[in-house]
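Enquirer: coords please:
(2 chains)
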There are 2 protein chains.
Amino acid sequence: MTNSICTPAGFLAGGIFCGIKASSHKRDLALILSEKPCTAAAVFTTNRVKAASVLISQQHLEQSTIRAVIINSGNANACTGEAGMIAARTMAELVADEFAFPASNVIVASTGVIGVPLPIAAIESEIGALADSIRSDESGEEAALEAIMTTDTRRKSGSIELNLNGKPVRIGAMVKGSGMIHPNMATLLGFITTDAVISRTMLDTALRQAVKRSFNRLTIDGDTSTNDMVLIMANGMAGNIPLDSKGQDFDSFASGLETLCIRLAREMARDGEGATKLICVSVSGAESEDDASVLAKSVAGSALVKTAMFGSDANWGRVLCALGYAGLSFDPAATAVSFKSRAGSVPVCKNGESVAFSEESAKRILSEDEIDIEITVGTHSGRATVYGCDLSYDYVKINGDYRS
Amino acid sequence: MTNSICTPAGFLAGGIFCGIKASSHKRDLALILSEKPCTAAAVFTTNRVKAASVLISQQHLEQSTIRAVIINSGNANACTGEAGMIAARTMAELVADEFAFPASNVIVASTGVIGVPLPIAAIESEIGALADSIRSDESGEEAALEAIMTTDTRRKSGSIELNLNGKPVRIGAMVKGSGMIHPNMATLLGFITTDAVISRTMLDTALRQAVKRSFNRLTIDGDTSTNDMVLIMANGMAGNIPLDSKGQDFDSFASGLETLCIRLAREMARDGEGATKLICVSVSGAESEDDASVLAKSVAGSALVKTAMFGSDANWGRVLCALGYAGLSFDPAATAVSFKSRAGSVPVCKNGESVAFSEESAKRILSEDEIDIEITVGTHSGRATVYGCDLSYDYVKINGDYRS
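Expert: Predicted structure coming up:
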């Protein structure tokens, strides 16, 4: 039994193959259902080209409480015009009809190829089976996890349990995302459930803070998708004292949510398309946390740093180069760089210049599958970590012919 | 005999192996010399981390006329501290001593690995041989071209002849650059010579305009180097009526310079690290030329568009996605996309949606080695073309272990 979106009380999930991924016959349609209406909050892609699902979900989130999320993979339903909007609305209506609540209670998410009409008939014909699977099977979350994947090679989910003033409160999450990922509000699909009693404002505050330090500090290939969203739904079934203002309980909740989101962001980076290594870039000594994040993103996003990491090559000059074009003023002469992994630690640059190091031991350290690039840029207190991955032959292979 | 930097009257060049590229024994030191003092203008990298050669050259350009350029490959002399500054100054002094003019008359350029001390002794011991080769051999420009290359697979040079009020005026150029290339002031090494009589102000104006529409519209991997510069030297030996204000002759000169720079920017994109295809992205209908350039750069820089082009996959959704995250407001519903090449033309998107097209003919068109992605985003008059390349396995291979 996975620790996932059904760990909090009152959430059900399922996933089936409805016919969108016609060539692979893999699961392509997922549903998350809450027994009770949920307070919800979300962040969406900042791409000017927004999928129909994003536009519809933004409307629904404004209008009402949320009961369910329907997600299809294999087709992004983006750049699909009015027909795409109708299809997204239909997805919400189909769920609403099955469970007898308004369509505005349903969030819609899609992921897959852009610009191809969504085969809505396939969803129409199988929605009954999906609804039945949820009614009959309380452990459908594995199937749901599978059904939201595209080029993902791992299922990415988790949960956390908190004690809020004596009451156990749980947060669960599942995410998908492997390519077209670059930090910009939200750059993936992420669905988070909780049984906490929490106001919409506080839920929104907690989500934005957590996303800022997790999914927005994730870069795989610099492309911000048209379909991104991270949604959190709170159904209140834990019966805790309502979290409706700041305070110790809210801090515990927000901190738990952040921990879970960071864990999943790391999993996403590790599962980046073609990735062989998780690369965590930490910058400290910057003037602010935001500055540190901008500098770290520039390094984690550099094609030359990423290929060097793939090749286990301690080419720290590329790290300094990427810091230099991040668009912030920083002092190269105050900069130090170390590479770390399970195999050890090697300082390679101090005061902006080379320090003597053993190429052999650097190679050994960089040959691990989880690398930390630790950078100090001064003596201020701003620090941030960004999660990325290396750039390998397989990234090219996966994306050279994605549609067929 | 190449059409290159020695095509204009009064310029000499040479290139030798001095010992920096110790493992390959390829030429690594080049010199360009003008018989007469030159008016000069240049643009330099905007990277905060600047190579010693950039800092020294900026000083020299401020101080005086220019007689010579010395260029080494195999070592960027960046992140090399005070020793690097001394080495760059020494390079200028060595040339100055050979030809008996002040060191401030010399521009210094370096390209290669960052963060490794420059073996200045190798240059010191061979500068005499390089100077001799120039004194004795008037056709050393091929050797100079070779000596500035790093991962470049082709020599990139050209020239153009203009008729300014009855006087023939020539412009010649050689460039290097293959990786760590992204438009940002100047993102490569480019050396341009001309025998025109032209004021420094007008030379600077012509260069900035030409660079804006050529080298600054070039992206290979999104990394802006620490060492970039484009330099133009004018020695006045053509004897034309001085170009010291705007007018027909200046327009001819500026337009000729732009044509030459665009030709070389295309050559650089075609020779991008690992590239199998030149990708020209043209955006029209934008509100301004600058807007069109920003949109086109976003498409040309997208790892997902680049890998799709490598795979000859007409995945136009990625084109729209990249337009969407360019940071400009634009109307997806007014957007059209076509792919073109020698093998034909295929419209794939109109009004932001798919248009029916033959996958077979699209594949045939995209299998050529020069692809145009033509994008219309509205009905305004802003248009720009950006030059890029595909992203292949070989990019990863070249950069996975560049230092060894």
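
Enquirer: identify the residue nearest A:A109 in space, chain neighbours excluded?
Expert: Nearest-residue entry for A:A109: A:I71, 4.3 Å, with adjacent residues in sequence omitted and distances by Cβ to Cβ, 6 or more residues apart in numbering or on different chains. Any C-beta I mention is one placed from the backbone N, CA and C, and that applies to glycine too.

Enquirer: with A:K363 instead?
Expert: Nearest non-adjacent residue to A:K363, counting by Cβ to Cβ, 6+ apart: A:S312, 5.3 Å away.

Enquirer: again, but for A:F250
Expert: Excluding the flanking residues, the one nearest A:F250 by Cβ to Cβ, 6+ apart is A:L243, at 4.9 Å.

Enquirer: and the longest strand anywhere in chain A, what does it pack against?
Expert: For chain A, the strand with the greatest residue count under DSSP state E is strand A:29-44. If contacts are counted by 3 or more Cβ pairs under 8 Å, 6 or more residues apart in numbering or on different chains; DSSP states H and E, strand A:29-44 sits against strand A:11-16, helix A:52-63, strand A:66-73, helix A:120-136, helix A:141-147, strand A:189-194, helix A:200-212, strand A:229-234.

Enquirer: 7 Å instead, please
Expert: Packing partners of strand A:29-44 (3 or more Cβ pairs under 7 Å, 6 or more residues apart in numbering or on different chains; DSSP states H and E): strand A:11-16, helix A:52-63, strand A:66-73, helix A:120-136, helix A:141-147, helix A:200-212, strand A:229-234.

Enquirer: compute the inter-axis angle for the helix or strand of chain A with the lowest mean pLDDT and helix B:393-400.
Expert: When the helices and strands of chain A are scored by mean pLDDT, DSSP states H and E, helix A:393-400 comes last with a mean of 76. Counting by axes from the mean of the first three to the mean of the last three Cα atoms, to 10 degrees, helix A:393-400 lies at 150 degrees to helix B:393-400.

Enquirer: on that earlier part again, got JSON lines for the helices and strands packed on strand A:29-44, with mean neighbour count too?
Expert: As requested, those are exported to JSON lines (neighbours: other Cβ atoms under 10 Å in any protein chain shown):
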{"stretch": "strand A:11-16", "mean neighbour count": "26"}
{"stretch": "helix A:52-63", "mean neighbour count": "20"}
{"stretch": "strand A:66-73", "mean neighbour count": "26"}
{"stretch": "helix A:120-136", "mean neighbour count": "17"}
{"stretch": "helix A:141-147", "mean neighbour count": "24"}
{"stretch": "helix A:200-212", "mean neighbour count": "21"}
{"stretch": "strand A:229-234", "mean neighbour count": "28"}
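
Enquirer: which one of these has the lowest average pLDDT?
Expert: Of all the helices and strands packed on strand A:29-44, the minimum mean pLDDT falls on strand A:229-234 (a mean of 82).

Enquirer: residue ranges of each domain in chain A, please.
Expert: Structural domains assigned to chain A are A:11-270, A:278-400, following automatic domain parsing.

Enquirer: name the secondary structure element that contains A:N3.
Expert: Using DSSP states H and E, A:N3 sits in no helix or strand.

Enquirer: which SS state does the nearest residue to A:R170 once chain neighbours are set aside fall under?
Expert: Leaving aside its sequence neighbours, A:R170 sits nearest to A:P8 (Cβ to Cβ, 6+ apart; 4.1 Å). The local conformation at A:P8, judged by DSSP: H, G, I helix; E, B strand; the rest coil, is coil.

Enquirer: which ones are touching A:P8?
Expert: Residues in contact with A:P8 (Cβ atoms under 7 Å, 6 or more residues apart in numbering or on different chains) are A:R170, A:I171, A:G172, A:T193, A:T194, A:D195.

Enquirer: if you set the cut-off to 8 Å instead, what comes out?
Expert: A:S159, A:V169, A:R170, A:I171, A:G172, A:T193, A:T194, A:D195, A:A196, A:N235, A:M237, A:A238 (Cβ atoms under 8 Å, 6 or more residues apart in numbering or on different chains).

Enquirer: make CSV out of the residues you listed and add pLDDT.
Expert: Converted to CSV, these look like this (pLDDT from 0 to 100):
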residue, pLDDT
A:S159, 88
A:V169, 91
A:R170, 91
A:I171, 90
A:G172, 87
A:T193, 88
A:T194, 92
A:D195, 88
A:A196, 90
A:N235, 86
A:M237, 87
A:A238, 89
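
Enquirer: show me what counts as buried in stretch A:286-294.
Expert: A:A286, A:D291, A:A292, A:S293, A:V294 (16 or more other Cβ atoms under 10 Å in any protein chain shown).

Enquirer: rewinding a little: using CSV, list the CA coordinates for the longest strand of chain A.
Expert: C-alpha atoms of strand A:29-44 as CSV (Å, rounded to 0.1, in the frame of the first residue of the first chain):
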residue,chain,number,x,y,z
LEU,A,29,-7.3,8.3,-16.9
ALA,A,30,-7.2,8.9,-13.2
LEU,A,31,-9.7,10.2,-10.7
ILE,A,32,-9.3,11.5,-7.1
LEU,A,33,-12.5,11.8,-5.1
SER,A,34,-13.1,13.3,-1.6
GLU,A,35,-16.0,12.0,0.5
LYS,A,36,-16.6,15.5,1.6
PRO,A,37,-16.3,18.9,-0.1
CYS,A,38,-12.8,20.3,0.0
THR,A,39,-11.3,23.7,0.6
ALA,A,40,-8.8,23.9,-2.2
ALA,A,41,-5.9,26.0,-3.5
ALA,A,42,-3.7,25.7,-6.6
VAL,A,43,-0.9,27.3,-8.6
PHE,A,44,-1.0,27.1,-12.3
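
Enquirer: could you check the angle that strand makes with strand A:11-16?
Expert: Relative orientation of strand A:29-44 versus strand A:11-16 (the same axes, to 10 degrees): 120 degrees.

Enquirer: which of the domains of chain A has the lowest mean pLDDT?
Expert: Confidence, taken as mean pLDDT, is least for domain A:11-270 of the domains of chain A (a mean of 87).
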